[in-house]
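Asker: Quick one: sequence plus predicted model below, questions after.
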Amino acid sequence: MVSLLLPSIARTRRYRLSSVAGTPALLALLITAFAGPAHADPLSLDEALSLAEQRGSVLQAKQAATTTVQGELQEARAPLWNNPQLGGEYRWRQLSQAGAPSARKQDAALSIAQTFETGGQQSARRGAAEANADGLMASIEQTRRDLRAEVERQFVQVQALQLRVQMEQEALELLQRAASLVRRRVLAGEDSRLDGNLARVEAERGSNQLARAQEDLSQARSALAVLLQWDRPALPEAVGELDRMHPGYTLDGLMATAAGQSRLQALEAQERGADYRLKLERGMRYPEVTVGLNYSPEKGIDGRDRITTLAISVPLPLFRRNQAGIGRASTELTQSRIEREAARREIQTAVPTLWQRLQSLRARVGRLRGDVMPALDENQTLSLKALREGEIGLTQFLLVRRQVLDGQRDLLDARTELRLTQSSLEHAAGWPAQLPAAPSEQPR
């Protein structure tokens, strides 16, 4: 008897060539060997998440931008935005004298000037830099969440396909046993050649289903390897339970967490920075005042003159009043507000929708496990026994077997969809509120 219960993917399965009959089964065995190397150490979800965070190019690019933001913040916190200007002069002069030859003198002058902003630009610039820094930190956190959600989704796909391969292999083994039994009956004249051909076709179809599952598994492994930046020849087997325990959160708790998630924090910081940049552009309409101090000791005919000059210059804002900069900043602020509000509405809609879907999938999985699968398990046991004793024909047995296989596939699909929906719900709500600390680089 072949059990209908799906085995744990942590169990290592070895197929022996003696149990396989014909070329299709041999092809399936070869695909199995190439799809999942048995010698490699298995890979858990926690290890996959750690590797993705260590090697993810998008996350690393975001983290590299912190240097730029820190530089902008330090620059904005300086006492004055404009640097003082230090100047010097060295002059050659020829002084004319009545009735006497001209006198030649050489002297030097020193000056210093400072430009002051008068429209509150310094405060606005600091606020914009701080908002950029806060936004980048929130964006990095959201990028981590996005990466972890994508890795978990792809990891679950690999887990589900591994289970699908095991399920199809068990189905193929049972069909091969039935085909062998019918072949003996055909040779003994107890069954017709039609039954023999039907059994052979069903075995071939089972082999084809196994091959398709192996191909899908190979593609899923490749996609996961790309996410993990896997630098070895083949990705190891994904281990862990496909089903997750109920985390214990409620819809109200998820909605409360969603209101403060990192995605909205990043958009709020972006809007705050755009507001400060608009204030900065508006402040630039006010003229900057330049104050200069000049000291010049000048040699005269009869002695040395010391001249100290205080100069103040103010540009007249007659022709250019920074209309273009104000317009761009105002547009950026409006777009930031629209984007933040759209994200907030999207979250408010997505979280309850995914919650309802999660509850529906839990009920479906419960029905399949509690009502459908036990009945199918019993039907398969009875049909296999009846086929051996000649009480039913191959057609009836195959009908029961197809129902069993369809039930197994429905349960596996429902379990997979339940896990993916739970992951999508937690990602949409930003749960948990605090992610584990980013891992240090530890090559595997």
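Answerer: Perfect, thanks for sending it.
Asker: check contacts around the closest residue to Gly430 other than its chain neighbours.
Answerer: Leaving aside its chain neighbours, Gly430 sits nearest to Gln261 (2.7 Å; criterion: Cβ to Cβ, 6 or more residues apart in numbering). From N, CA and C alone the C-beta is placed, and that goes for glycine too. Neighbour list for Gln261: Gln142, Ile347, Ala429, Gly430, Ala433 [criterion: Cβ atoms under 8 Å, 6 or more residues apart in numbering].
Asker: And those, which is closest to Arg320?
Answerer: The nearest member of the contacts of Gln261 to Arg320, counting by Cβ to Cβ, is Gln142 at 39.5 Å.
Asker: The closest one against Leu267, yeah?
Answerer: No. Using Cβ atoms under 8 Å, Gln142 is not in contact with Leu267, being 9.6 Å away.
Asker: And the strands in the stretch 251-400 of the chain, which stretches?
Answerer: Applying DSSP state E, counting those that start in this stretch to the stretch 251-400 of the chain gives strands spanning 289-299, 304-313.
Asker: Mind listing what's buried along the first one?
Answerer: Going back to what we said before, that points to strand 289-299. Thr290, Gly292, Asn294, Ser296, Lys299 (16 or more other Cβ atoms under 10 Å).
Asker: now those residues as a markdown table including distance to Asn82?
Answerer: Formatted as a markdown table, the buried residues of strand 289-299 follow (distance: Cβ to Cβ, whole Å):
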| residue | distance to Asn82 |
| --- | --- |
| Thr290 | 9 |
| Gly292 | 13 |
| Asn294 | 18 |
| Ser296 | 24 |
| Lys299 | 34 |
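Asker: Just flag the most distant two among those residues.
Answerer: Spatial extent of those (Cβ to Cβ) is set by the pair Thr290 and Lys299 at 29.1 Å.
Asker: hmm, back to that, for the residue nearest to Gly430, grab phi and psi.
Answerer: Dihedral pair for Gln261: phi -70, psi 160, per degrees, to the nearest 10.
Asker: just Pro236 next, same as before
Answerer: Phi and psi for Pro236, reported as degrees, to the nearest 10, are phi -70, psi 180.
Asker: Quickly list what Gln106 is bridged to.
Answerer: Judged by DSSP bridges, the bridge partners of Gln106 are Trp92.
Asker: for it, what are its contacts?
Answerer: Per Cβ under 8 Å, 6+ apart, neighbours of Gln106: Tyr90, Arg91, Trp92, Arg93, Lys299.
Asker: Gln229 now?
Answerer: By Cβ under 8 Å, 6+ apart, the residues touching Gln229 are Leu51, Ala52, Arg55, Gly56, Ser57.
Asker: returning to that earlier point: and of the strands of the stretch 251-400 of the chain, who's closest to Arg193?
Answerer: strand 289-299 (105.2 Å).
Asker: Could you look up the SS state of Arg244?
Answerer: At Arg244 the chain is in coil, as set by DSSP: H, G, I helix; E, B strand; the rest coil.
Asker: Next: Ala78.
Answerer: Assignment for Ala78 (three-state DSSP): coil.
Asker: That one - how many residues pack around it?
Answerer: 12 (other Cβ atoms under 10 Å).
Asker: what about the strands in the stretch 1-150 of the chain?
Answerer: Going by DSSP E, counting those that start in this stretch, the stretch 1-150 of the chain shows strands at 85-97, 100-116.
Asker: Output the ones you listed as JSON lines; include the columns distance to Glu150 and mean pLDDT.
Answerer: Shown next, in JSON lines, are the strands of the stretch 1-150 of the chain (distance: least, Cβ to Cβ, whole Å; pLDDT from 0 to 100):
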{"stretch": "strand 85-97", "distance to Glu150": "53", "mean pLDDT": "85"}
{"stretch": "strand 100-116", "distance to Glu150": "50", "mean pLDDT": "87"}
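Asker: most packed of those strands?
Answerer: Mean neighbour count (mean count of other Cβ atoms under 10 Å) peaks for strand 100-116 among the strands of the stretch 1-150 of the chain, with a mean of 13.
Asker: so Leu394 touches Arg200, yeah?
Answerer: No. Leu394 is beyond contact range of Arg200, at 10.7 Å (criterion: Cβ under 8 Å).
Asker: So for the two, which residue has more residues nearby?
Answerer: Leu394 (22 against 16).
Asker: which ones are touching that one?
Answerer: Residues near Leu394 by Cβ under 8 Å, 6+ apart: Ala178, Val182, Asp191, Asp195, Leu198, Ala199, Leu387.
Asker: What is the nearest of these to Arg415?
Answerer: Ala178 (27.2 Å).
Asker: Quick check: which element contains that closest one?
Answerer: helix 121-188 (DSSP states H and E).
Asker: got the angle for that helix vs strand 100-116?
Answerer: 50 degrees (axes from the mean of the first three to the mean of the last three Cα atoms, to 10 degrees).
Asker: helices and strands around helix 121-188, which ones?
Answerer: The criterion is 3 or more Cβ pairs under 8 Å, 6 or more residues apart in numbering; DSSP states H and E, and the helices and strands that helix 121-188 contacts are helix 23-35, helix 45-55, helix 57-64, helix 66-76, helix 193-228, helix 262-283, helix 373-389, helix 394-429.
Asker: hmm, 6 Å instead?
Answerer: helix 45-55, helix 57-64, helix 66-76, helix 193-228, helix 262-283, helix 394-429 (3 or more Cβ pairs under 6 Å, 6 or more residues apart in numbering; DSSP states H and E).
Asker: Quick one: closest of those helices to Thr353.
Answerer: Nearest of these to Thr353, taken as Cβ to Cβ: helix 394-429 at 9.0 Å.
Asker: For the closest one, what does the pLDDT average out to?
Answerer: For helix 394-429, mean pLDDT rounds to 91.
Asker: Just the buried residues of it, please?
Answerer: For helix 394-429, burial by neighbour count (16+ other Cβ under 10 Å) applies to 394, 397-398, 400-401, 403-405, 407-408, 411-412, 414-429.
Asker: Next, find the distance separating Ala128 from Ala76.
Answerer: In this view, Ala128 and Ala76 are 7 Å apart by Cβ to Cβ, to the nearest Å.
Asker: Which one of those two is surrounded by more residues?
Answerer: Neighbours per residue, other Cβ under 10 Å: of Ala128 and Ala76, the larger number sits with Ala128, 23 against 19.
Asker: If I look at the closest residue to Gly206 other than its chain neighbours, what pLDDT would I see?
Answerer: Leaving aside its sequence neighbours, Gly206 sits nearest to Leu172 (Cβ to Cβ, 6+ apart; 4.1 Å). Leu172 is assigned 88 on the pLDDT scale.
Asker: From Gly393, how far off is Leu172?
Answerer: For Leu172 relative to Gly393 (Cβ to Cβ), the value is 21 Å.
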